[in-house]
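Undergrad: sequence first, then the predicted structure, then my questions.
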Amino acid sequence: MTLPTGAAPCPWKSIRTATDISGNTASQQSFSQARHWLDRCEIGHKICCSSRRIQLPDRVLELGAGCNPNDKSHIVLHETGKKTVQAAYACLSHCWGQGNHITTTSRTLKTHIAGIAWNDLPRTFQDAITFTRRLGIRYLWIDSLCIIQDKPKDLFVQLSKMPEIYENAYITLAATFSSSNAGGCFSHARSEFKAREFSVRDRSGKSHQIFVRRHLPHWLMADPRYTPDLEEDFPLLKRAWVLQERLLSPRVLHFGRDELMWECMESTACECSFLDHVEPENVSKIMHHRNLTQGKQSRSDLGMKWRDLVSLYSRLAMTFEKDKLQAISGLAQQMNRTLKDTYVAGLWKSSLIADMLWETRHPQTRPSPWRAPSWSWASVKSPVNHVSELKNIGQKVTAYAEIERTEVASAGQDKMGQLTSANLTITAQFCVGSIIVYTKAPNMPNASPSQLMVHERLFNPQERSNAGLQFAYTRVLLDVTIPPTTTLTLPPEYGSTIDARGVYCMRLAKVDNFEYSLLLQCIDHPSGKYERIGIVGEYKHDDRPDRLPWGDPDKCFFCTLTLL
């Protein structure tokens, strides 16, 4: 049930009431609601950075001194240069979409400084400018217009400054429902989400006027039954760059398909009032900032939060593969203010062994061109998870390998962004094995596409405990797709001949009852350079013999090598 403003309370106490929405996010009612959220945040929230005057970015759109929302005159691209200009500004978070885009290039820079015609701007930009003016803010930052898109030096400089640009923004306006710049910010609600009036009698026969509508979709959900289709309802939130734009911004106003939604460092809200009832523990933005500001957070706890962030980030879409580390560098910088650690290609030096315990269930080809070393989660296109045992708070990681040194070369000023090269030198225990990659296995429909053999012993990923537990004793997971080694459809114990590729198993660490090793393949024997291609997990139990021969000196050896 939904109640319009001023309506009587619901006569049925078991039915939770909600609030009616304006139905038009450009309306005065929606704007007044947004203004209320903003004022409440500025007055009552200590950590939401309420300052209205801060150094402007190198370029901003100047919207005019009068901030008239109906003004359709030229918008000026303003360069602050070396001047110290302090003022409030807004940012726009948006999907570029397909087709031609208005951008600032070396050719259009002077034209945009002279003035950009209103009709040359896409609808999303026009709506963002209108709303920014309504807020009384004179400056707006939009990436495609405030960065010179065809000038590599400016791109490097401005991309490295993007984290502080979003962190220092007074507010970020997010065109959350639009899949392109043509979609706009403002929208009219779909009919099923508008309240409809009905007359209903209670048991005593008394008539009541009630208002009913469908539950609106939200992405911050306490109940998984209401989880929306992000691609359909919130396409902006599927973009990798947007994760740090959301989390870094003190305040974000989301323009949804049917209503406005709000999130800042301390609260969430929406026009229909559903988000008013969501616990903070279910809100990623609030918990992210609590983790960074609470003094009790240990280094291991923050490491676990970073790995969770990486897992979430790895599932988001990216237009340019080379941006993988760049698009999360702002969150790494923010995290490091608390961690005070050394960032190594998406991992942290103090927890490097634990951070290398990532895996993917859906391997793909390596990204091209190169963007990260093989031991980094950023080296794969697929979604990644860190091994589940790391999620146990206080769980100790027993390292079997020792990192001798790491070498990382950055492509630009952002030391946590794009890389040109990276490697680590590691000393560990090794054994030689063979990886078997099947093309198909019709006689084994549940079989893994890859298996490991070490000294003629098959490391069977499908072997499970006989106690009915829901975990496998062993698992072999490839990081990337590699050419098949066999068309075998039956396991070798049936007497079939198999084709396999030689690999090295590197004993890495133990977490809880699982021991993990990395699968390596040699890139260059003379220089001792290798790359990671997978991970092996083995459940350790007193009653079970080890499948990998770490206790047999005739089958294992120690050495130091370089991982690329």
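TA: Arrived safely, thanks for sending. Quick caveat, the model's predicted, so the values are computed rather than measured.

Undergrad: where does the stretch 101-250 of the chain dip in pLDDT?
TA: Residues of the stretch 101-250 of the chain meeting the criterion pLDDT under 70: 197, 220-231.

Undergrad: which residues touch the residue nearest in space to the middle of the chain?
TA: Among the residues of the chain, the one closest to the centroid is Y313, at 2.3 Å (C-alpha atoms, centre = their mean). For Y313, the contact set (C-beta atoms under 8 Å, 6 or more residues apart in numbering) comprises 240, 243, 327-328. (Glycine included, C-beta is placed from N, CA and C.)

Undergrad: tell me the one of these nearest D143?
TA: Of all the contacts of Y313, D143 sits closest to A327, with 11.9 Å by C-beta to C-beta.

Undergrad: does that closest one really touch A240, like I thought?
TA: Yes - between A327 and A240 there is a contact under C-beta atoms under 8 Å: 4.9 Å.

Undergrad: show me the common contact partners of those two, please.
TA: Here A327 and A240 share the contacting residues 313, 318, scored by C-beta under 8 Å, 6+ apart.

Undergrad: looking at the two, which is more packed in?
TA: Using other C-beta atoms under 10 Å, the more surrounded residue of A327 and A240 is A327, with 24 against 19.

Undergrad: P526 versus the more buried one, what's the distance?
TA: 37 Å (C-beta to C-beta, to the nearest Å).

Undergrad: swap in E245?
TA: Between E245 and P526 the computed distance is 46 Å (C-beta to C-beta).

Undergrad: between the two, who's got more neighbours?
TA: Neighbour count, other C-beta under 10 Å: between E245 and P526, E245 has more, with 25 against 5.

Undergrad: and for the more buried one, nearest residue in space, chain neighbours not counted?
TA: Nearest in space to E245, with sequence neighbours left out and distances taken as C-beta to C-beta, 6 or more residues apart in numbering, is S93 at 4.6 Å.

Undergrad: swap in V60?
TA: Y139 is the one closest to V60 (C-beta to C-beta, 6+ apart), at 4.3 Å.

Undergrad: what stretches of the stretch 451-564 of the chain score poorly on pLDDT?
TA: In the stretch 451-564 of the chain (pLDDT under 70), the answer is 451, 453, 455-473, 486-499, 542-545.

Undergrad: hmm, I was thinking of the stretch 251-400 of the chain
TA: Low-confidence segments of the stretch 251-400 of the chain, defined by pLDDT under 70: 294-297, 393-394.

Undergrad: now do the strands in it.
TA: 251-255, 260-264, 268-270, 343-344, 347-348, 358-359, 385-386, 397-399 (DSSP state E, counting those that start in this stretch).

Undergrad: what strands line up against the last one, and which way round?
TA: The reference is to strand 397-399. Using DSSP bridges, the strands paired with strand 397-399 are strand 501-511 (antiparallel).

Undergrad: repeat that for the second one.
TA: Strands that pair with strand 260-264, judged by DSSP bridges, come out as strand 251-255 (antiparallel), strand 268-270 (antiparallel).

Undergrad: picking that back up, so who does the residue nearest to E245 touch?
TA: 172-175, 236, 242, 245-246, 249, 252.

Undergrad: now, which of the residues you listed lie within helices?
TA: In this view, the contacts of S93 that belong to helices under DSSP state H are 242, 245-246.

Undergrad: distance to D202 for the residues you listed - can I get that in JSON lines?
TA: JSON lines is the format used below for the ones in helices among the contacts of S93 (distance: C-beta to C-beta, whole Å):
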{"residue": "V242", "distance to D202": "47"}
{"residue": "E245", "distance to D202": "49"}
{"residue": "R246", "distance to D202": "44"}
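
Undergrad: of those, just say which sits nearest to Q28.
TA: Using C-beta to C-beta, R246 comes nearest to Q28 of those, at 26.7 Å.

Undergrad: so that closest one touches E263, yeah?
TA: Yes - if you go by C-beta under 8 Å, R246 and E263 touch, sitting 7.4 Å apart.

Undergrad: identify the contacts common to those two.
TA: Taking C-beta under 8 Å, 6+ apart as the criterion, R246 and E263 both touch 252, 285.

Undergrad: got the buried residues for stretch 89-102?
TA: Buried residues in stretch 89-102, counting neighbours by 16 or more other C-beta atoms under 10 Å, are found at 89-96.

Undergrad: Y313 and L352: what is the separation?
TA: 19 Å.

Undergrad: sorry, slip of the keys, the one I care about is T19.
TA: Counting by C-beta to C-beta - T19 and L352 are separated by 49 Å.
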